Every structure is written in structure tokens, then in C-alpha cells.
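Colleague: have a look at this fold, sequence not included:
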DNA sequence: GTGCAACTTGAAGCTGGCTTGAGGTCAAGG
DNA sequence: CCTTGACCTCAAGCCAGCTTCAAGTTGCAC
């Protein structure tokens, strides 16, 4: 049994986040010592799985559905495939974008606007904007 | 010269967004007809460029720095390369994630937790979480 | 038994990129 | 001249995923 401090130390997840996850029903504390939450060691796996899900682009709500009533992971393999496909899609778009950026970086045209490839890229991006409702990729 | 309705129609960007961009200094209206904003046709290129930048993961502030005082694009080629590299990095991570998901989807282990590859993936994801301050990928 | 650091709670705040709403103004059509 | 309705402004709201804050408890060391 681990107290919250120990979970923070071993998972790297801040206490505030642990409380938030518990409130959301993603993890469960098994009791208290005084006020302090006590967690079963299993929570470390659950947190790793949450991290994985987040990295793969699942929302917390979606991740919540990946645990059964007992807190054991029971992941729909279809959902995994679907997410893999979605990732593939994202990857393709980002690759096109990367190639365009790379071209623009070394393109000899005086202004990027005079570069055909750059204009094509712009048009793709703005056409996507017209069609897509909401989709974002952040890179910090 | 285009009024805002025309810009909306031709760019697909909502009027509220145009006003927001103008407020942020990303685009400039060249005057008014009554109350209505009037834009130079150039704004369509600017909007396409903004869409491109957004799709490539630039923030609006970063995109703002890509226009010179006159509103002409003057993009630092180094910044483009750097962004391309960042995209590459993201693409690599997403690819690893996709492969892991795909494996998990067809892995015969009774629980994903018993699958070595899945656990490795989980560990990578949670290790990243410990190290990284803020990085996100949204899909859908 | 007392101090105090570390925990607790609930609510509010933050970031980015917009959207929405209330209330106001104006040009054009009838 | 008057209505209509598309635009305007400014402020507030929304989303996810947290973080931060103020105020309240607590276990443990002394």
C-alpha cells in the first residue's frame, strides 16, 4: 500500500493530478490514513496506462472507459485499432506538412508566396480548415 | 476590395474568427463601408498562411511574427526548419504509439498488462510524462 | 501537549483559440 | 421615412486538463 506521496514519487504524477483523476473516476484510492489517501500498488500501472492513452491522443473520458468496474484494464481492441488508424491519418498529414516546411526553408523564391509548392501547401491547409470542424495538433 | 461577407465566403473562416485575428494583429482591415470591415484581397493569402501555420503547430503569436510591418510574409527559414524538426519528432513518437496500439489490438495476452510490448509502451509513455512539461496531441 | 509540515477540501483560475450573447448602428429596399 | 437584417462592439463563456488558492485537518516528532 502506498500513500499519495509515494505514488507521486514513483509515478511522477503531481498530487493535484492524482486527486483530479480520482475525482474523475480514473483511479481509486483504497482508503485513508488520517486524511491521506492510500493507494494499491496497482495504481502505478493504471497511471502508466493513462499516460499511454494521453500520449496516443485519447481523452480522459475515453481512457476512463478502458477500465472495468474493478479498475482492471479491459480495452476494446477495436478502439485500439481505430485509434491507430486515426494516428496514421495524423501522421500522414504531419508528414506532408513537414515536407512542405522543409521545402519552404530552402526554396529559392524571393517570397514564399511565389513558391508553387508553398502555395499548394497553403491551399491544402486552408481547404482542410473549411472542411474540418475541430482538430488540432500542438507542438511546443 | 472585399467586404467581410466575401472574405468569409471565399476563405471559409467565420466572421468571428476574422475579427479575432484582426484584434490579435494577424490581419488588417483596410477600411469600413459604414460599419462593415473592408479587406484587401491579400487577406486571403494571409488567412491561408495562418491556416498552414496552425496546421503545422505554430501558435497564433508565432504566426503573427511571420508577417512584417506591411503584412507581407517574411518567414525565417530557420524557424521553418526548426518546426519541421519538431514535427519529425512528433511523427516519430506517434508512429511508435501507433505500432504499439496495433500490436495491442491483436496481442493474444489475456490482459494487456501481461503483454511485454504493451508494458514497454506504457513505461515509455509514463517516463515521457515525468520528463516533459507540456506537450499534447489532440485527435478529433 | 504542542508545533508544524503535509495533507485535505471546494472553488476558482489558467491557457489558446475561438464562439456566443446582448445591445447598438447603419445602408439599402420598399 | 421607416423597417429590416447584416454588421458592429465588448464582455463573457467554452473546452480539456489541470494548477492554485484559502482555509481546515491531521499524524508525528519533540
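Modeller: It's in. Computed from a predicted structure; not experimentally measured.

Colleague: rest of the way, CA atoms for contacts and neighbours
Modeller: Will do.

Colleague: up against DNA strand D, what does chain A have?
Modeller: A:14-17, A:20, A:33-35, A:54, A:58-61 (C-alpha under 7 Å from any atom of the strand).

Colleague: could you rerun that using 6 Å?
Modeller: A:14, A:16-17, A:20, A:33-35, A:59-61 (C-alpha under 6 Å from any atom of the strand).

Colleague: what's the most distant pair in these?
Modeller: A:34 and A:59 (32.7 Å; C-alpha to C-alpha).

Colleague: who has more neighbours out of the two?
Modeller: More neighbours surround residue A:59 than the other of residue A:34 and residue A:59, with 15 against 7 (other C-alpha atoms under 10 Å in any protein chain shown).

Colleague: wait, what's in contact with the more buried one?
Modeller: The neighbours of residue A:59, taking C-alpha atoms under 8 Å, 6 or more residues apart in numbering or on different chains as the test, are residue A:53.

Colleague: any idea how far it is from residue A:66?
Modeller: Shown here: residue A:59 relative to residue A:66, a distance of 11 Å by C-alpha to C-alpha, to the nearest Å.

Colleague: most neighbours out of the residues of chain A next to DNA strand D, which is it?
Modeller: The most crowded member of those, judged by other C-alpha under 10 Å, is residue A:60 (17 neighbours).

Colleague: chain B versus that one, what's the distance?
Modeller: For residue A:60, the distance to chain B equals 12 Å [C-alpha to the nearest C-alpha, to the nearest Å].

Colleague: now that residue: closest residue in space, sequence neighbours ignored.
Modeller: Distance criterion C-alpha to C-alpha, 6 or more residues apart in numbering or on different chains; nearest residue to residue A:60, sequence neighbours excluded, is residue A:54 at 7.3 Å.

Colleague: in the strand or helix carrying the one you found, what's buried?
Modeller: Assigned by DSSP states H and E, residue A:54 falls within helix A:42-56. For helix A:42-56, the neighbour count (16 or more other C-alpha atoms under 10 Å in any protein chain shown) marks A:43-56 as buried.

Colleague: got the domain boundaries for chain A?
Modeller: A:2-64, A:77-131 (automatic domain parsing).

Colleague: how about the shortest one, does it get close to DNA strand C?
Modeller: No - using C-alpha under 6 Å from any atom of the strand, domain A:77-131 stays clear of DNA strand C, coming no nearer than 8.7 Å.

Colleague: the helix-or-strand element of chain A with minimal mean pLDDT relative to helix B:42-56, how many degrees between them?
Modeller: Every helix and strand of chain A was ranked by mean pLDDT, DSSP states H and E. The lowest is helix A:116-131, at a mean of 80. Angle, helix A:116-131 to helix B:42-56, by axes from the mean of the first three to the mean of the last three C-alpha atoms, to 10 degrees: 80 degrees.

Colleague: list the buried residues for helix A:116-131?
Modeller: Within helix A:116-131, judged by 16+ other C-alpha under 10 Å, the buried ones are A:117-119, A:121-129.

Colleague: and stretch A:96-106, anywhere near chain B?
Modeller: Yes - using C-alpha under 8 Å from any C-alpha of the partner chain, stretch A:96-106 reaches chain B at A:97-99, A:101-102, A:104-106.
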